[in-house]
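# What would the 3D arrangement of this be:
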Amino acid sequence: MTLAVADAAAEIGAVVLFPGNVYAYQPGEAIAEDAPLDPPTRKGELRVEVEGILREATGRGARVILLRGGDFFGVGHASSWMSHILSKTHTGGAITMPAPPNVRHALAYLPDFVATHADLLERSGELPAWSTFHFAGHVAAREDLVEAIRGALGDPRRKVSNIPWPLLRLVGFVHAPTREIVSMRYLWNEEVLMNQDLLTRTLGRVPHTPLRDALAAEIALDDASAQRSRAA
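Residues are numbered from 1 along each chain as shown. The predicted model follows:
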């Protein structure tokens, strides 16, 4: 698909907006756009390959705006880590956390992330043919995220449980999707955080919804979806 997009964009001189992630980087703080791409997993290697296809197309007439962010959540994004974290809360269950204490994690709220893409598109004529930006989003340690979720739930005493990583590792021996999930555990055990100075200088103001408000919107959508499922 990326090859087809790259060829089409090169042929007509189109601008490609590509939502990137942190998979291409080793753990670190304040990772800037010029940091070396050194993916620690196969998923990261695939991301680097895809980015390389798009970058090559800029030499043939395409224009690419690549915006990298942390874990996506928002608007009922069912395949995100946040959907697993909140999966039991709709019925009064615990918040299910994948992270150990005191490790910060990058989260990208999709409405903010999409709005930032739109703002960059408006400035595409001023940007180089290959433009990369980092979106810091929300940076929260386990404790901060639990507090924000409890606030969004209106339940300051909501219990917290842990994802059973040892069990998932065992399941991964016979179930490939679970094995892939386990391979990305490092993103919770170590910090992979974006520096968005270039983005801020370019836009002046980067869209940013407070974390509790973003989580409240996510919980409301997930609750509505759960109710529709039960009704069906």
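# Ramachandran coordinates for the residue nearest the centre of the chain?
In the chain, the residue lying closest to the centroid (CA atoms, centre = their mean) is residue 71, at 2.5 Å. Dihedral pair for residue 71: phi -60, psi 130, per degrees, to the nearest 10.
# can you pull the contacts of it?
80-82, 105-108, 187 (CB atoms under 8 Å, 6 or more residues apart in numbering). Where you see a C-beta, it was placed from the backbone N, CA and C, and this is true even at glycine.
# Which single one of those is nearest to residue 210?
residue 107 (12.3 Å; CB to CB).
# Just to be sure, that closest one is in a strand?
Yes. Assigned with DSSP: H, G, I helix; E, B strand; the rest coil, residue 107 falls within a strand.
# give the contact list for the closest residue to it other than its chain neighbours.
Of all residues beyond its chain neighbours, the one nearest residue 107 is residue 138 (4.4 Å), with distances taken as CB to CB, 6 or more residues apart in numbering. Residue 138 makes contact with 70, 106-109, 211, 214 under the criterion CB under 8 Å, 6+ apart.
# Same check on residue 179?
172-173.
# measure residue 168 to residue 181 for me?
6 Å (CB to CB, to the nearest Å).
# pLDDT score for residue 75?
Looking at residue 75, its pLDDT stands at 75.
# scratch that, residue 109
With respect to pLDDT, residue 109 has a value of 96.
# got it, and residue 226?
So residue 226 comes in at 58 (pLDDT).
# what does residue 98 give?
95.
# pretty sure it contacts residue 81?
Yes. Using CB atoms under 8 Å, residue 98 makes contact with residue 81 at a distance of 6.6 Å.
# More neighbours: those two, which one.
Counted by other CB atoms under 10 Å, residue 98 and residue 81 do not tie: residue 81 has more neighbours, with 22 against 19.
# List the beta-bridge partners for the closest residue to that one other than its chain neighbours.
Distance criterion CB to CB, 6+ apart; nearest residue to residue 81, sequence neighbours excluded, is residue 71 at 5.0 Å. For residue 71, the beta-bridge partners under DSSP bridges are residue 107.
# could I get the contacts of residue 138 as a markdown table with neighbour count and distance to residue 20?
Listed next are those as a markdown table, based on neighbours: other CB atoms under 10 Å; distance: CB to CB, whole Å:
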| residue | neighbour count | distance to residue 20 |
| --- | --- | --- |
| 70 | 25 | 11 |
| 106 | 23 | 12 |
| 107 | 23 | 15 |
| 108 | 25 | 10 |
| 109 | 29 | 16 |
| 211 | 21 | 22 |
| 214 | 23 | 20 |
